[in-house]
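Peer 1: Prediction below, plus the sequence it came from.
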Amino acid sequence: MASESHVTRGVPTIHHITNSAGDLENEIGIADFARYTVHIPPTPDNQPQTTEIAMQAVGTQEESVSNSMFTGGHNRVTRAHSKIIDSGSGHSRMMVAEGEGSFCEIPGCSARMMTNRQGIDVFPCECGFRICKDCYRDALGSGDGFCPGCKEHYRGLDESEMALASQPQLSRSDRRLSVAESTDFLMSSQSSEFDYTQYLYETNKRYGYGNAVWPMDGVNGNKDEIGGDPKTLREKQWKPLTKKSKIRAAILSSYRLLILIRIVVLGLFLEWRITHPNEDAIWLWFMSVICEIWFAFSWLLDQLPKLCPVNRAVDLDALHEKFETPSLNNPSGRSDLPGIDVFVSTADPEKEPPLVTANTILSILAAEYPVEKLACYVSDDGGALLTFEAMAEAASFARLWVPFCRKHEIEPRNPESYFNLKRDPYKNKVRPDFVRDRRRVKREYDEFKVRINGLSDSIRRRSDAFNTREEVKVLKRWREDNSDVPMESLKIPKATWMADSTHWPGTWTVPAPEHSRGDHASIIQVMLNPPSNEPQKGTEGDGNSMDLSELDIRLPMLVYVTREKRPGYDHNKKAGAMNALVRASAIMSNGPFILNLDCDHYIYNSLALREGICFMMDRDGDHICYVQFPQRFEGIDPSDRYANHNTVFFDVNMRALDGIQGPVYVGTGCLFRRTALYGFEPPQLQEDTDCCSCCFPRLKKPATVASAPDVDPEDIQLREDDEMNIALIPKKFGNSSLLVESVRVAAIQGQPLADHPSVKYGRPPGVLTMPREPLDPSTIAEAIDVISCWYEDKTEWGQSVGWIYGSVTEDVVTGYRMHNRGWRSVYCVTKRDAFRGTAPINLTDRLHQVLRWATGSVEIFFSRNNALLGSPRLKLLQRIAYLNVGIYPFTSIFLIVYCFLPALSLFSGQFIVQTLNVTFLVYLLAITLTLCALAVLEIKWSGIELEEWWRNEQFWLIGGTSAHLVAVLQGLLKVLAGIEISFTLTSKSAGDDVDDDFADLYIFKWTSLMIPPLTIMMVNLIAIAYGVCRTIYSTVPEWSHLLGGVFFSFWVLAHLYPFAKGLMGRRGKTPTVVFVWAGLISISISLLWVAIKPPSGNSDIGGSFQFP
């Protein structure tokens, strides 16, 4: 009912809240708590007062947005709380050289000179002569075009500046489309298929300046503006932005041949095993054959998608030349790149330290991408004041850190990683002021870290002080009223207070109604305002500050977001938080591309965003749903004991999938196309002609108007039976008209440039050089509404739109849905790592991480996201890869049985075959050699090392015998009994030992996941001792059975060696003697058993021993 009541609502009503508080007593020490200054006009009763917002009272729209924290939620009024975040950290303020609204210098004219939308003066001539718009037009219209100041010809004012100066500024609420006007876009029968052809060739719709199609007559009939004949651009030399190169034929052909040989060998081996049973131990033979058949099937599922590996490269120079150099359609050379919204997700400041999140934010703000095209959104799903104030500190420090990075080309642009580099920081630095600037920034960063680390204690002491004051007030009022209410019944909530003496609207340290982790209001705070479209230079430095006179000091927009949570609603964990950011960002910035990062994954390569956008902006880029970057990790022990780098997956499997339909989505470091997240299908599908096209179904082209060559796009009209019903719009996206309007804009902005005949669905060059619309309070209020807990009711969010719900591995499911619609993805491996993050190096945390992934895979297998149920648009090898994602945890059942078989063989004196004959040994040798040869070739074409391949094999058995088995059991319980599975966040905090970077590696934390591999290890050790002793004391020793059992037992123990080291912990600190004694006791028990019950027919211990 709540969602239905909002379908027909108008523009949200905003109430502006102002608060003031009396001065605290001196003992409170308010200076210790202040981290930002809040300018609040006083009210008579010092209580929140609700008034309708008025722009005259609040100030300009941008000031109102930047100085207000917006809160709201289900059945609650959206309020704007006045708050001005000040640096408060001693950073030098950077003055911007802007005009102050000067007047025209033409004699007799008192009009104001030309300004752009940001209020910056526009000078048509380099001499700086001030002239108004009318006088400038008169000077151009007279025919000579001379500047009245210097008497030189005008260079020609940028047309976009003239458009900005001449057009009236309308608020976003005045320009929004109604729901009815947007229905023609969300259409194409009932299949949710996005007909790109139709929206590209609608001639009555306008986007920015010019139609969606190439405007032949420019803007408003002016051919000098955006538009012109596309043949002009086609005559220029066209450069591709990306290049795909296949692996060397000698390596790839040998690799494929070996796969075929191994398949044949496995088939012959299994046929021989089935036809030659071990009659003496039929049970042992049967179990081994079943396991071997499954292992062959599992290997086949893993190996077939590796048939078509490719390498890709980008051309950043071509990207700059195409989008950021002056041209006919972009005379000023402004950036024509599309916008990117970066999402950073965090949920618990205890397990995800705010300092780590702050460093990630700083690396994003300092990325090499047009400032006005970049926006960063921080999702705090815990609603913690600690995270909020840490982000405020990060926004303040960014004003110093970002210009420093730009000035001296710093890499990496994460201050923690940069200042901890082991290499020489002065290498290749030639500016004489670098040492002084670095020293100053390092000092400021150290102070920044201390402030961040002290925030928790500061918030606690501040809250205690304010709560004590409130208790004193209540007690004083109780005494004055002479109330009969007992003092014990007075309940005063232990609130969490902000530095401006107001309650934090999110989660309190001491939970209370409407202020707990699952019950709090939605919050949006713009930490850094959207930058202006014009570069802003800093001031010249002195001895105590940096010289920023030659630098653009603008910063990207930074927004803090906490979605509303209420009891009784399923908030869908991280996937729900991501979808809330998708909706909020669509209304506030609407970047056509979205990059999502975990809070501990920072931008290591400042050019990573440009490299990713190369794939999206290249020809056929409109078929790409996302660009996945490999995950690289820091803080891993040098030996990578538990295969934390996961290089086999990221450098072998993912690179191979890139040659089919694209890599899977792995949860972070992924650049999305926004329209793909909205659930639309790609443009007209083309037949693929790569090396595996023979394996894939041929796709029938959708019947669109563009497929008919004799149809004139100008004559296309919408048919009434193709239009989506108005009632279907809220069902898909919800009832926000701003959100519906943003979908079309994002779709057009995300198209490649129409500068080549092969680009069928492109946008005109120069369209994205226009400034971004300024934020206003009504826009933020709409963003508050779309992140409310009720908004997704009766919509398709989480079902077919956005991140998909229903699995703990929502990332894999979301990527699978896109591939299932026919989209492609791309794997972008950069020379310098694009992103870096942290991974759990502790054995327990690593096992729990693998358990979460495996449980999600089991959920996928038992859901409608099973690849067996995929559409025909999912290619065959891609389907096999996704099928393997859902099946691999079930291998644990057969793996555990197979790991016990050597011990059972040694205990029983039998083996899986009748005798170790030549045929069995030849098959075993052939299988082993082909596996090793395939590993060598994979190392050749992927670039990984042999040690990394071996570590992956070891942890495959460790995880398969522990976490994967539990995942299968949990998945079955969820499917059969409906028991939900809950997981805790992986801790990103470091160990307590500051002297050891790898202290976490040696921490032993017991978990039940260790029981199966520990049992396997001990049983095999005892079995080896028992088998050796029994064979020695046997009258007729079976040495072949002993050798077979011992060989396979050592194979199991070799794979479990890292697990054993994890149990032993740090050498000299952990009681290793316990495990030593465990082995000695096991051997002693085995010998004692042989002594008590010697082999039949021999009563003498060792009397009949002889070597064979």
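Peer 2: Alright, I've got the coordinates.
Peer 1: from here on, contacts and neighbour counts on C-alpha atoms
Peer 2: OK.
Peer 1: Just to check, residue 145 is in contact with residue 135?
Peer 2: No: in this structure, residue 145 is not within contact of residue 135 by CA atoms under 8 Å, at 11.2 Å.
Peer 1: For the two, list the residues in contact with both.
Peer 2: Listed contacts common to residue 145 and residue 135 are nil; contacts here mean CA atoms under 8 Å, 6 or more residues apart in numbering.
Peer 1: Distance from the chain centre to the longest helix belonging to the chain, please.
Peer 2: Counting residues, the longest helix in the chain under DSSP state H turns out to be helix 434-481. Its chain's C-alpha centre lies 32 Å from the corresponding centre of helix 434-481 when counted by CA atoms, centre = their mean, to the nearest Å.
Peer 1: After it, which helix or strand is next?
Peer 2: Using DSSP states H and E, the helix or strand that follows helix 434-481 in sequence is strand 522-528.
Peer 1: Going by residue numbers, what spans are helices in the stretch 801-950 of the chain?
Peer 2: Taking DSSP state H, counting those that start in this stretch as the test, the helices found in the stretch 801-950 of the chain are 810-820, 843-861, 876-887, 891-908, 918-942, 946-960.
Peer 1: what does the third one rub up against?
Peer 2: When you say that, I think you mean helix 876-887. Helix 876-887 has contacts (CA under 8 Å, 6+ apart) with 298, 301-302, 304-305, 657, 660-662, 695-697, 816, 857-861, 866-868, 870.
Peer 1: circling back to that earlier point, with mean neighbour count and distance to residue 572 added, can I get the helices of the stretch 801-950 of the chain in CSV?
Peer 2: Below are the helices of the stretch 801-950 of the chain laid out as CSV (neighbours: other CA atoms under 10 Å; distance: least, CA to CA, whole Å):
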stretch, mean neighbour count, distance to residue 572
helix 810-820, 24, 10
helix 843-861, 23, 14
helix 876-887, 23, 21
helix 891-908, 21, 29
helix 918-942, 15, 37
helix 946-960, 20, 27
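Peer 1: Quick check: which of those helices is nearest to residue 318?
Peer 2: When those are ranked by proximity to residue 318, the top entry is helix 918-942, at 26.9 Å, counting by CA to CA.
Peer 1: Now do the closest one: which elements does it pack against?
Peer 2: helix 249-275, helix 946-960 (3 or more CA pairs under 8 Å, 6 or more residues apart in numbering; DSSP states H and E).
Peer 1: So which bits of stretch 773-788 are buried?
Peer 2: Within stretch 773-788, the residues that qualify as buried by neighbour count (16 or more other CA atoms under 10 Å) are 774-788.
Peer 1: Nearest to residue 492, out of the helices and strands packed on helix 918-942?
Peer 2: Shortest distance between residue 492 and the helices and strands packed on helix 918-942, using CA to CA, is found for helix 946-960: 50.2 Å.
Peer 1: Give me the pLDDT for residue 410.
Peer 2: At residue 410, the model reports a pLDDT of 93.
Peer 1: Then residue 209?
Peer 2: The score at residue 209 is 33. That number is its pLDDT.
Peer 1: One more: residue 664?
Peer 2: In the predicted model, residue 664 carries a pLDDT score of 96.
Peer 1: which residues touch it?
Peer 2: For residue 664, the contacting residues are 628, 654, 657, 812, 815, 816, 825, by CA under 8 Å, 6+ apart.
Peer 1: can you check residue 460 too?
Peer 2: For residue 460, the contacting residues are residue 496, taking CA under 8 Å, 6+ apart as the criterion.
Peer 1: ends of stretch 815-834, how far apart?
Peer 2: Stretch 815-834 has an end-to-end distance of 20 Å (criterion: CA to CA, to the nearest Å).
Peer 1: which parts of it are buried?
Peer 2: 815-830, 833-834.
Peer 1: Could you do stretch 403-421 as well?
Peer 2: Residues 403-407, 410-418 are the ones in stretch 403-421 that count as buried (16+ other CA under 10 Å).
Peer 1: Can you lay out these as CSV showing distance to residue 558 and secondary structure?
Peer 2: Conversion of those to CSV gives the following (distance: CA to CA, whole Å; DSSP: H, G, I helix; E, B strand; the rest coil):
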residue, distance to residue 558, secondary structure
403, 16, helix
404, 19, helix
405, 18, helix
406, 18, helix
407, 21, helix
410, 21, coil
411, 21, coil
412, 20, coil
413, 17, coil
414, 16, coil
415, 18, helix
416, 20, helix
417, 22, helix
418, 22, helix
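Peer 1: Let's have those residues in CSV, adding distance to residue 250.
Peer 2: Written out in CSV, the entries for the buried residues of stretch 403-421 read as follows (distance: CA to CA, whole Å):
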residue, distance to residue 250
403, 49
404, 48
405, 44
406, 44
407, 46
410, 41
411, 37
412, 37
413, 40
414, 41
415, 44
416, 44
417, 41
418, 41
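Peer 1: So, low pLDDT: which residues of the stretch 951-1100 of the chain?
Peer 2: Using pLDDT under 70 as the threshold, the predicted model of the stretch 951-1100 of the chain has low-confidence ranges 980-1000, 1065-1100.
Peer 1: if we go to 50?
Peer 2: 992, 994, 1068, 1070-1071, 1073-1074 (pLDDT under 50).
Peer 1: Tell me the secondary structure at residue 558.
Peer 2: Under the three-state scheme (DSSP: H, G, I helix; E, B strand; the rest coil), residue 558 adopts strand.
Peer 1: list the contacts for it?
Peer 2: 375, 376, 377, 378, 395, 526, 527, 528, 529, 530.
Peer 1: Could you check the angle the host helix or strand of the third one makes with strand 522-528?
Peer 2: Using DSSP H and E, residue 377 falls within strand 374-380. Strand 374-380 and strand 522-528 meet at an angle of 140 degrees, taking axes from the mean of the first three to the mean of the last three CA atoms, to 10 degrees as the criterion.
Peer 1: ok, residue 801 - contacts?
Peer 2: With CA under 8 Å, 6+ apart, residue 801 has these contacts: 677, 678, 679, 732, 733.
Peer 1: Give me the neighbour count for the third one.
Peer 2: As a burial measure, residue 679 scores 23 neighbours (other CA atoms under 10 Å).
Peer 1: these two touch, right, it and residue 800?
Peer 2: Yes: in this structure, residue 679 sits in contact with residue 800. The criterion is CA under 8 Å, and the distance is 5.6 Å.
Peer 1: Give me the contacts around stretch 255-272.
Peer 2: When contacts are taken as CA under 8 Å, 6+ apart, the neighbours of stretch 255-272 outside the stretch itself are 289, 292-293, 296, 300, 303, 307, 923, 926-927, 930-931, 933-934, 937-938.
Peer 1: Sort out which residues of stretch 586-594 are buried, please.
Peer 2: So, applying 16+ other CA under 10 Å, buried residues of stretch 586-594: 586, 587, 588, 589, 590, 591, 592, 593, 594.
Peer 1: Tell me which residues are up against the host helix or strand of the first one.
Peer 2: Taking DSSP H and E as the definition, residue 586 sits inside helix 573-588. Contact partners of helix 573-588, identified using CA under 8 Å, 6+ apart, comprise 341, 343, 345, 377, 379, 381, 561, 563, 571, 591, 738-739, 742-743, 775, 779-780, 782-784, 786-787, 797-798, 802-805, 810.
Peer 1: Pull out the buried positions in that helix.
Peer 2: For helix 573-588, a neighbour-count test (16+ other CA under 10 Å) marks 574-588 as buried.
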